[in-house]
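Participant: how does the following fold in three dimensions:
(chains A and B)
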Amino acid sequence: MSELVVVENYRFRYAQALVELGPWSFGLAQGECVLLLGANGAGKSTVCRLLNGLIPYRYAGQQTGSVSIAGHATEQLNSPTWSQLVGSLSQRPANQILGHTVARDLAWSLAQQGLPRPTIAAKVSELAERFGLLELLQRQPQSLSGGEIQRLALANLLARNPILVVLDEPCAALDAAGVQLVRHVIQQLQQQGTTVVIAEQRPQLLRDLATRALSFEKGQLIYDGTVSAIVQNEEWSVVQNKLKIKPMLTWHKLGYKRNQRPIFANFSEQLDCTQVGLVGPNGSGKTSLLQLTSGVLRPQTGWICYQQRPINQQRADQRATYLASPPQDLRSFFYRPTVAEELTCADPTWREQLIERFGLAELLARSPFQLSGGEQRRVALACALLHKPKILLLDEPTAGLDYAGRWQLRELLQTLAQQVSALISSHDLAWLASLTSRWLRLPQATAGA
Amino acid sequence: MNEPFPTAQFWHPLACLALVAAIGHSLLWLDAWWQQLLALSLIYGWLWWHIRAAIWPHVGLMLLSCGLLGLSLGLSGTWSLALQASLRLACLGIVGLCLFMLVEPSALIDSLYQLGLPLNLVRLLEGSLSTLPAMLRIVQQTRASLATRGMRTDRWYLLWNGRWLVLPILAQALQHADDLAEALHTRGLSDQRPTILQAYPWRWQDWSLLVLSGLSLLIWF
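Facilitator: Numbering: from 1, shown residues only, chains lettered A, B, ... in the order given. This is a model prediction of the structure:
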């Protein structure tokens, strides 16, 4: 196999950063599937940015060494040529959407190449059929579920037939069907002879597809070899013990439609005084159930009861006295300039306890918007607990967290188990099984029917 | 096979643009404040019947901002100037609303490319149009998040708690700008004119609307 990408003695320092990443020297052969491994901040995303051209086009810094893709030295590649050679899927695929409808988003990259309209229309129809998007072509991308957006982003990847594809955490927040789709796309790319580079926090999901692993630690490449030697096969044990305790939360014949599509019809369940996992495929209504419970959304029919009292008429801010629900995307959760101000609380003793328990003392003076994903999650959890809620609703709390971060979060939640009930939505089933004793499973489309 | 790029436009997008320009121009050149207020009330009332309900909290936010601007100008200067400024801001808001009601953003962009306007100018407009729904989503998410933290930002609570929206919205808007720039690069923004996905022919009714709008612009001059 010929070398498609050659990285030689490459070093990079982000502008205003003190630490230099590298030196890295590796080559990627045509048709290889390479897993990038390492904790948050180890350098995986930097490698992705280096390969998809965001370094140097979007991220300024000092670089030495050389990188070439398909025989072109990257200094000589302009942005349009680079993006024709390399396809890229970001951690948040919703941010890569550029069209006003699904069809126009699929057509966007093709239109930029100046292809004739009939060719574009045929390609869009073909991709939509392959990825199950035919029914969604005229929908606005903002109205799609997370899984549908991921399908759209993957379809976009294949639209341009790149020779190198870079996937940055493609399985984060995906259910089993979504992961299966990602695997299918990777297999198709491999069959076409496309080189695939994947940064992934849950490498077990893709270990059998990858032909090689590169592992990073504190910016250094510490391992370059086979996948089986470094990625262990996790056990997928599921514990389902139904506990018979007085329900904390009850959903009774809940009905909710969004854009005329039924999300819940006659959904009835209850949450006991425990930590309960909320699982189900993308689009099954997990986030909607959490938002209905927190009061962000209003059910059209049925009742939500807290300690057997209906709370339908309570607004989200009224429910916040006993119910905390930090969202999946924490960027909208913080509103003060520093962590210390975010943690303003009437009970200083409880505040100190939270700071100690969550290890936030060193972060107090920092802006919550500039913290890493794991740090943001810890601060958000502490903020959510400031008013001593009885119930915690968590939506994909492990998305974007590395292995250490996920297990640190699990320990934190375990220490809270005696004080607060929790309903935790996650696709990280191994993590969820290790934390929760019961799962609430939402089926696709006919949720709760 | 389904047509992937159908058009739901009854009028030519550029004819609609001319109509919106005429409406905006007419509103801005009304002399007396009561005339502007009356015209605004009529148009907002008409829109109330025709636009989906989800947009109204944002319209409310916009009108409240106009009111606040007027109040702050009034307290620091003359009240007549304050009234004029806030009414004009509300007029601009209504022009935007009319535009989005009458024209699909993608149709407008296609027809501007078709018109042969400079590439960078159309791209700037395209970026702005795609930012608007993203900003609405950011505002919506931020208000929901603050509500789950026990802070109301609806109705009159916005007057007091509205300041807490500023930082998260600003931070997310900056992040959105970064994300947009990254997406444009990774998805292959080219320096050549993109393919026009839907061409709009000029029919007699489009010409009529264009001429009428042009005439009304001339009359107000």
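Participant: can you pull out the helices in the stretch 151-300 of chain A?
Facilitator: A:176-191, A:286-294 (DSSP state H, counting those that start in this stretch).
Participant: most tightly packed of those helices?
Facilitator: Mean neighbour count, computed with mean count of other C-beta atoms under 10 Å in any protein chain shown, is highest for helix A:286-294 among the helices of the stretch 151-300 of chain A, reaching a mean of 24. C-betas here are computed from N, CA, C, even on glycine.
Participant: got a list of contacts for the next helix or strand along the chain from that helix?
Facilitator: Remark: after helix A:286-294, the chain's next helix or strand is strand A:301-306, criterion DSSP states H and E. Identification of contacts with strand A:301-306 by C-beta atoms under 8 Å, 6 or more residues apart in numbering or on different chains yields A:247-256, A:264, A:266-268, A:292-293, A:310-312, A:319, A:322-323, A:391.
Participant: give me that answer again for 6 Å
Facilitator: Outside of strand A:301-306, the residues within contact range by C-beta atoms under 6 Å, 6 or more residues apart in numbering or on different chains are A:249-255, A:310-312.
Participant: same deal with stretch B:92-106?
Facilitator: A:100, A:104, B:13, B:16, B:20, B:23-24, B:43, B:62, B:129.
Participant: with stretch A:2-22 instead?
Facilitator: Stretch A:2-22 has contacts (C-beta under 6 Å, 6+ apart) with A:23-30, A:43, A:46, A:60-70, A:195, A:219.
Participant: same check on stretch B:191-200?
Facilitator: Identification of contacts with stretch B:191-200 by C-beta under 6 Å, 6+ apart yields A:107, A:111-112, A:114-115, A:117, B:5, B:7, B:12, B:110-111, B:113-114.
Participant: equivalent analysis for stretch A:414-428, please.
Facilitator: The contact list for stretch A:414-428 (C-beta under 6 Å, 6+ apart) reads A:173-175, A:248, A:271, A:273, A:275-278, A:286, A:391-396, A:398, A:432.
Participant: ditto for stretch B:27-40
Facilitator: Contact with stretch B:27-40 is made by B:83, B:87, B:90-91, B:220, as judged by C-beta under 6 Å, 6+ apart.
Participant: could you report the neighbour count for residue 157?
Facilitator: Using chain A. Neighbourhood size, A:Leu157 [other C-beta atoms under 10 Å in any protein chain shown]: 26.
Participant: actually chain B
Facilitator: Neighbours of B:Tyr157 using other C-beta under 10 Å come to 13.
Participant: cool, and B:Ser41?
Facilitator: Other residues near B:Ser41 come to 10 when the count uses other C-beta under 10 Å.
Participant: SS state for it?
Facilitator: Under DSSP: H, G, I helix; E, B strand; the rest coil, the three-state class of B:Ser41 is helix.
Participant: distance of it from chain A?
Facilitator: 30 Å (C-beta to the nearest C-beta, to the nearest Å).
Participant: that residue and B:Met62: what is the separation?
Facilitator: To B:Met62, B:Ser41 is 15 Å away according to C-beta to C-beta, to the nearest Å.
Participant: please apply the same query to A:Val124.
Facilitator: 35 Å.
Participant: ok, those two, which is more surrounded?
Facilitator: Neighbours per residue, other C-beta under 10 Å: of A:Val124 and B:Met62, the larger number sits with A:Val124, 25 against 17.
Participant: what does chain A put close to chain B?
Facilitator: Within chain A, the residues that sit near chain B (C-beta under 6 Å from any C-beta of the partner chain) are A:52, A:54, A:57-58, A:79-80, A:83, A:88, A:95-96, A:98, A:100, A:103-104, A:107, A:109, A:111-112, A:114-115, A:117, A:121, A:124-125, A:137, A:142, A:294, A:296, A:316-317, A:320, A:325, A:327, A:331-333, A:335, A:369.
Participant: check whether the top helix by length along chain B contacts chain A.
Facilitator: Counting residues, the longest helix found in chain B (DSSP state H) is helix B:119-148. Yes: Helix B:119-148 reaches chain A (C-beta under 6 Å from any C-beta) through B:133, B:141-142, B:144-145, B:147-148.
Participant: hang on, A:Ser88 in a strand?
Facilitator: Yes: looking at A:Ser88 with three-state DSSP, it is inside a strand.
Participant: about what we covered before: would you check which pair of the contacts of stretch B:92-106 lies furthest apart?
Facilitator: Farthest apart among those by C-beta to C-beta are A:Arg104 and B:Ile43. That separation is 29.7 Å.
Participant: re earlier: what's the least confident stretch among the helices of the stretch 151-300 of chain A?
Facilitator: Looking at the helices of the stretch 151-300 of chain A, the lowest mean pLDDT belongs to helix A:176-191 (a mean of 85).
Participant: can you give me the helices for chain B?
Facilitator: Secondary structure of chain B (DSSP H): helices at B:13-28, B:33-50, B:56-76, B:79-102, B:105-115, B:119-148, B:157-161, B:163-186, B:204-220.
Participant: which helices and strands does the last one pack with?
Facilitator: Looking back up the chat, that one is helix B:204-220. Helices and strands touching helix B:204-220, by 3 or more C-beta pairs under 6 Å, 6 or more residues apart in numbering or on different chains; DSSP states H and E, are helix B:13-28.
Participant: neighbours of the closest residue in space to B:Leu184 that isn't next to it in sequence, how many?
Facilitator: In space, and not counting its chain neighbours, B:Leu184 is closest to A:Leu98: 7.2 Å by C-beta to C-beta, 6 or more residues apart in numbering or on different chains. Using other C-beta under 10 Å, the number of residues around A:Leu98 comes to 20.
Participant: ok, the one 4 residues further on next?
Facilitator: Other residues lying near A:Val102 total 28 when counted by other C-beta under 10 Å.
Participant: find the residue at the geometric middle of chain B.
Facilitator: Note on chain B: the residue nearest the mean C-alpha position is B:Gly96, at 3.1 Å, using C-alpha atoms, centre = their mean.
Participant: can you give me the distance of it to B:Arg187?
Facilitator: 27 Å.
Participant: and if you look at B:Val211?
Facilitator: Here the criterion is C-beta to C-beta. By it, B:Val211 lies 40 Å from B:Arg187.
Participant: so which of the two has more stuff around it?
Facilitator: For B:Val211 versus B:Arg187, neighbours defined as other C-beta under 10 Å are more numerous around B:Arg187 (22 against 12).
Participant: mean pLDDT for the helices of chain B - can I get that in a markdown table?
Facilitator: Formatted as a markdown table, the helices of chain B follow (pLDDT from 0 to 100):
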| stretch | mean pLDDT |
| --- | --- |
| helix B:13-28 | 87 |
| helix B:33-50 | 82 |
| helix B:56-76 | 79 |
| helix B:79-102 | 84 |
| helix B:105-115 | 89 |
| helix B:119-148 | 86 |
| helix B:157-161 | 81 |
| helix B:163-186 | 89 |
| helix B:204-220 | 87 |
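Participant: any chance of the ones you listed in TSV, with distance to A:Ala404 too?
Facilitator: Formatted as TSV, the helices of chain B follow (distance: least, C-beta to C-beta, whole Å):
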stretch	distance to A:Ala404
helix B:13-28	53
helix B:33-50	53
helix B:56-76	41
helix B:79-102	47
helix B:105-115	44
helix B:119-148	27
helix B:157-161	37
helix B:163-186	25
helix B:204-220	62
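Participant: quick one: closest of the ones you listed to A:Gln376.
Facilitator: helix B:163-186 (11.9 Å).
Participant: need the contacts of stretch B:92-106 in TSV (columns: distance to B:Arg203).
Facilitator: Output for these, formatted as TSV (distance: C-beta to C-beta, whole Å):
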residue	distance to B:Arg203
A:His100	23
A:Arg104	23
B:Pro13	13
B:Cys16	13
B:Val20	19
B:Ile23	22
B:Gly24	24
B:Ile43	26
B:Met62	34
B:Leu129	25
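Participant: out of these, flag the one nearest to B:Thr153.
Facilitator: Proximity of the contacts of stretch B:92-106 to B:Thr153 (C-beta to C-beta) peaks at B:Met62, which lies at 14.4 Å.
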